[in-house]
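Engineer: sequence isn't available, so here's the structure alone:
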């Protein structure tokens, strides 16, 4: 369960750690980046909370670490950032036979695969929500100063926005807050989600699809604490109409305990890139900082 | 002299334009990114000043646009950012016969090459300081609202830090201010600079080397307006001892009008990457904003 520190990079007031470890869930070596804010290096009695950021299709932990610009926000409020990888990788890990970029390597969709040959490695839900937080908690470098398990929030982009909202709804009590950038919130009804669910969960088992689909989960998960979900989508996002379809999620929320809890902003002129994400990171950081009791 | 707008990206309060144009100096198509701050889209009678950012070895205009995070600073103070490419490129442009990454494509060193076969295309000094500012000035999209020529400052990283300080000293009256991140300030005395100068300017002509070398230029350029040069270098920069050698530049400044004008900060623990650059961009932005009369 130990991590290898591949790189330790001074960045803003804190440090970015590039880590890797042997994952039991995925049976591979997994990379993960952790940003320690300046507060980690100051003496503090309170445990520092964690914000998990789930990346989109094709991404590694590097993309958001380099381009999203969470670090100054983490310093501002005092939370740790965790950037997991988007799938197991490596020659021994089966990927899309057609080598597409929206299935297989870099496209694990944060579900526990049931179908062969993917079931063996693609256990990303278990990895992100169970194994990784626990492994980070026990890593000696962090000196038990960070709460990776009980005081945490989650966010993500595109496929990772799906992963964030899906994980948040499935593990409602575990997260203080959830937000997403250009998320896929009705995966059972759009091509990216259908391809992933069919490949990882199987075609016949639509019951399993519903266990991960935010538009299905909102109907059974009670929002007892009146938590909000903050979502930004660019009006010029090329995936807006075919893959994101936020109107389907809003319709699913109607009449549920989530109806008034979705803060969806369609922002004029923005696209699907990190230029869009970095612009709205400060707003999301403040949203999570409030929920985590940092403001 | 017209530009093609390849992409127009909403980013923070303004827009990032990815442009390309046919350069007379380099005889190639050159890419350049321009960030227009929010002030460009507001009605203003004053012309908006420009900060040129020269990138380091191997970079295109994308690296700094994605990772340096100048954009929120440009919005804060109200200056335009220009990110030129680091060399001419393309199959017809000669590069290093050994295909190294520190000479040829992506490594133009911001000089006007004198030696064949490079002289034909590698006219980067002329391109960056003459052709590009003039071409941008006359581009209709900018509606004559930006001063690309007379109210400008310059900064850069590594090879681009050399380019910034070299250009600033050679064209002292043209720039309000100059700063640099991990610059090569004694190029005639270090491997990167020697390889570039030998290749582009010729081995025999060490006089030509001195025309670009900041450590030589400080001896002849009088700092009549008492302008400062702000420099940050990370103490963990792997190139510090062999390529950057800031002590050589400081020694060269001794007894000149620049002796008390170099604000060099060796910052503890930082490396050579954009994690280092982005951390100190806010400080450099404020420095230039003051010189440009924006603060």
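Structural biologist: Perfect, I can see it now. Computed from a predicted model, the values in this text were never measured in an experiment.

Engineer: so which bits of the stretch 51-200 of chain A are right by chain B?
Structural biologist: Applying Cβ under 8 Å from any Cβ of the partner chain, we find that the stretch 51-200 of chain A lies next to chain B at A:66, A:67, A:69. Bear in mind the C-beta positions are built from the backbone N, C-alpha and C, glycine included.

Engineer: mind checking how far the closest residue to the second one other than its chain neighbours is from residue A:84?
Structural biologist: Distances taken as Cβ to Cβ, 6 or more residues apart in numbering or on different chains place residue A:274 nearest to residue A:67, at 3.8 Å, with adjacent residues excluded. Between residue A:274 and residue A:84 the computed distance is 17 Å (Cβ to Cβ, to the nearest Å).

Engineer: so these two - more neighbours on which side?
Structural biologist: residue A:84 (25 against 22; other Cβ atoms under 10 Å in any protein chain shown).

Engineer: does the more buried one really touch residue A:127, like I thought?
Structural biologist: Yes - between residue A:84 and residue A:127 a contact is recorded at 7.5 Å, counting by Cβ atoms under 8 Å.

Engineer: where does pLDDT dip in the stretch 1-150 of chain A?
Structural biologist: Scanning the stretch 1-150 of chain A for pLDDT under 70 picks out the ranges A:1.

Engineer: which stretches in it count as helices?
Structural biologist: Using DSSP state H, counting those that start in this stretch, the helices of the stretch 1-150 of chain A run over A:61-67, A:71-77, A:124-126, A:132-137.

Engineer: before we move on, the earlier item: list phi and psi for the residue nearest to residue A:67.
Structural biologist: phi -70, psi -20 (degrees, to the nearest 10).

Engineer: ok, it - contacts?
Structural biologist: Contacts of residue A:274 were listed using Cβ atoms under 8 Å, 6 or more residues apart in numbering or on different chains, and they are A:63, A:64, A:67, A:68, B:66.

Engineer: would you point out the most distant pair within those residues?
Structural biologist: Greatest spacing in the contacts of residue A:274, by Cβ to Cβ: A:64 and B:66 (11.7 Å).

Engineer: tell me which of these two has more neighbours.
Structural biologist: Neighbour totals were compared for residue A:64 and residue B:66, and residue A:64 leads with 27 against 18 (other Cβ under 10 Å).

Engineer: the more buried one against residue A:54, yeah?
Structural biologist: No - between residue A:64 and residue A:54 there is no contact under Cβ under 8 Å: 9.1 Å.

Engineer: between these two, which contacts overlap?
Structural biologist: residue A:157.

Engineer: what's the residue closest to the geometric middle of chain A?
Structural biologist: Chain A has residue A:54 as the residue nearest its centroid, 2.5 Å off, counting by Cα atoms, centre = their mean.

Engineer: bridge partners for it, pull those for me.
Structural biologist: residue A:156 (DSSP bridges).

Engineer: any idea how far residue A:145 is from the residue of chain A most remote from its centre?
Structural biologist: Computed with Cα atoms, centre = their mean, the residue of chain A farthest from its C-alpha average is residue A:43, at 29.2 Å. Using Cβ to Cβ, one obtains 9 Å as the distance from residue A:43 to residue A:145.

Engineer: re the thing from before, let's have the helices of the stretch 1-150 of chain A in TSV, adding distance to residue A:282.
Structural biologist: Formatted as TSV, the helices of the stretch 1-150 of chain A follow (distance: least, Cβ to Cβ, whole Å):
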stretch	distance to residue A:282
helix A:61-67	15
helix A:71-77	6
helix A:124-126	28
helix A:132-137	25
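
Engineer: wait, which of those is closest to residue B:166?
Structural biologist: helix A:61-67 (28.1 Å).

Engineer: buried set for the closest one?
Structural biologist: A:61, A:63, A:64, A:65, A:66, A:67 (16 or more other Cβ atoms under 10 Å in any protein chain shown).

Engineer: and stretch A:143-152, by the same measure?
Structural biologist: So, applying 16+ other Cβ under 10 Å, buried residues of stretch A:143-152: A:145, A:146, A:147, A:148, A:151, A:152.

Engineer: and these, which is closest to chain B?
Structural biologist: Of all the buried residues of stretch A:143-152, the one with the least separation from chain B (Cβ to the nearest Cβ) is residue A:145, at 19.2 Å.

Engineer: that closest one against residue A:45, yeah?
Structural biologist: No - the pair residue A:145 and residue A:45 fails to qualify as a contact (Cβ under 8 Å) at a distance of 9.7 Å.

Engineer: tell me the contacts of the spatially closest residue to residue A:201 that is not a sequence neighbour?
Structural biologist: Of all residues not flanking residue A:201 in the chain, residue A:208 sits nearest, at 4.4 Å (Cβ to Cβ, 6+ apart). Contacts of residue A:208 were listed using Cβ under 8 Å, 6+ apart, and they are A:114, A:197, A:201, A:202.

Engineer: and of these, the nearest to chain B?
Structural biologist: Among the contacts of residue A:208, residue A:197 lies closest to chain B (Cβ to the nearest Cβ), at 31.7 Å.

Engineer: surely the closest one forms part of a strand?
Structural biologist: No - counting by DSSP: H, G, I helix; E, B strand; the rest coil, residue A:197 is not found in a strand; it is helix.

Engineer: OK, contacts around residue A:201?
Structural biologist: By Cβ under 8 Å, 6+ apart, the neighbours of residue A:201 are A:111, A:113, A:114, A:115, A:208, A:209, A:212.

Engineer: for residue A:165, same thing?
Structural biologist: Counted by Cβ under 8 Å, 6+ apart, residue A:165 has contacts A:156, A:178, A:180, A:183, A:185, A:214, A:229.

Engineer: try residue A:141
Structural biologist: By Cβ under 8 Å, 6+ apart, the neighbours of residue A:141 are A:3, A:5, A:17.

Engineer: which of these are buried? Put it as a ChimeraX command.
Structural biologist: In ChimeraX, this line selects whichever of those come out buried by 16+ other Cβ under 10 Å:
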select /A:3,17
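
Engineer: follow-up on the earlier one: out of the contacts of residue A:208, what pair is the most spread apart?
Structural biologist: So, the contacts of residue A:208 by Cβ to Cβ: farthest apart are A:114 and A:197, at 10.1 Å.

Engineer: when the two are compared, which one has more neighbours?
Structural biologist: Remark: of residue A:114 and residue A:197, residue A:197 carries more neighbours, 23 against 13, as counted by other Cβ under 10 Å.

Engineer: isn't that one right next to residue A:190, touching?
Structural biologist: No - assessed by Cβ under 8 Å, residue A:197 is found out of contact with residue A:190, at 10.3 Å.

Engineer: where's the helix or strand harbouring residue A:266 relative to the chain centroid, distance-wise?
Structural biologist: Residue A:266 belongs to strand A:262-267 when assigned by DSSP states H and E. What separates the centre of strand A:262-267 from the centre of its chain is 18 Å, taken as Cα atoms, centre = their mean, to the nearest Å.

Engineer: in the next helix or strand after it, which residues are buried?
Structural biologist: Scanning forward in sequence from strand A:262-267 by DSSP H and E, the next helix or strand is helix A:274-291. Using 16+ other Cβ under 10 Å as the test for burial, helix A:274-291 gives A:274-282, A:284-289, A:291.

Engineer: so residue A:153, which of the three states?
Structural biologist: For residue A:153, the secondary structure call by three-state DSSP comes out as strand.

Engineer: give the contact list for it.
Structural biologist: Counted by Cβ under 8 Å, 6+ apart, residue A:153 has contacts A:49-52, A:79, A:175-179, A:288, A:291-292.

Engineer: the same query, at a cut-off of 10 Å, please.
Structural biologist: A:49-53, A:79, A:164, A:168, A:174-179, A:284, A:287-289, A:291-292 (Cβ atoms under 10 Å, 6 or more residues apart in numbering or on different chains).
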